[in-house]
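>>> Have a look; sequence and predicted model below, questions after that.
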Amino acid sequence: MIAEDSLLSDLRQPKTQAKAFEVLINTYKERLYWHIRRIVVNHDDTDDVLQNTFIKVYKNIDGFKGDSKLYSWMYRIATNEALTFLKQKANKLGISEPDLQERIVGNLQADIYFDGDEIQLKLQEAIATLPEKQKLVFNMKYFQEMKYEEISEILNTSVGGLKASYHLAVKKLESFLKAN
């Protein structure tokens, strides 16, 4: 893993910025891709949101204060970009966000980049029914195996609140999966 301090320093220097940004992208693109993919589900949409995330990181790197880790800051940007993307897509289609989630999961089997089986498809359907915050917390904890402290930094929520959200999400998913 790269040293964040030296990377940040290089990102802020005109002479080293391009190379440092390449390092940043190569270091974080896969983790951010899967984080975004768990939110927007579709591969092509994920690529668009990921690109927008890196553009925003590039444009705002000088505004990064260092109050959190660099990757936490980028995850926050990626999360906000993904949620904004979904809101805009729902508005563009003239449907509610829950209806959009239902439509996205319904199209998952046709997605050539989705290689899950029937169980994974059911899990995605169940996750789509969760409220936004519970969905984020569940995905970050379950799929990305992030610690509550990391999630807290990214979502700017207390660890206790995150634990409650995760617990509620698991209960709702169990209920959904038992009923379906």
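On my side now, so go ahead. These numbers come from a predicted model, not from an experiment.
>>> Which of the helices or strands spans residue 26?
helix 17-40 (DSSP states H and E).
>>> Now that helix: average pLDDT?
For helix 17-40, the mean pLDDT works out to 95.
>>> What is the helix or strand residue 77 falls within packed up against?
In the assignment (DSSP H and E), residue 77 maps to helix 70-93. For helix 70-93, the packing partners by 3 or more Cβ pairs under 8 Å, 6 or more residues apart in numbering; DSSP states H and E come out as helix 4-11, helix 17-40, helix 43-60, helix 97-106, helix 148-155. For glycine as for every other residue, the C-beta is placed from the backbone atoms N, C-alpha and C.
>>> What would it look like as CSV? C-alpha coordinates only.
The C-alpha trace of helix 70-93 is given here as CSV (Å, rounded to 0.1, in the frame of the first residue of the first chain):
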residue,chain,number,x,y,z
LEU,A,70,-7.8,9.7,1.7
TYR,A,71,-9.6,6.6,0.8
SER,A,72,-12.5,7.5,3.3
TRP,A,73,-12.8,10.9,1.5
MET,A,74,-12.8,9.2,-1.9
TYR,A,75,-15.4,6.6,-0.7
ARG,A,76,-17.6,9.5,0.5
ILE,A,77,-17.3,11.1,-2.9
ALA,A,78,-18.1,7.8,-4.6
THR,A,79,-21.1,7.2,-2.4
ASN,A,80,-22.5,10.7,-3.0
GLU,A,81,-21.9,10.4,-6.7
ALA,A,82,-23.6,7.0,-6.9
LEU,A,83,-26.6,8.2,-4.9
THR,A,84,-26.9,11.3,-7.0
PHE,A,85,-26.7,9.2,-10.1
LEU,A,86,-29.6,7.0,-9.0
LYS,A,87,-31.7,10.1,-8.0
GLN,A,88,-31.1,11.7,-11.4
LYS,A,89,-31.8,8.4,-13.2
ALA,A,90,-35.1,8.0,-11.4
ASN,A,91,-36.1,11.6,-12.1
LYS,A,92,-35.2,11.2,-15.8
LEU,A,93,-37.3,8.1,-16.0
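>>> Lovely, talk soon.
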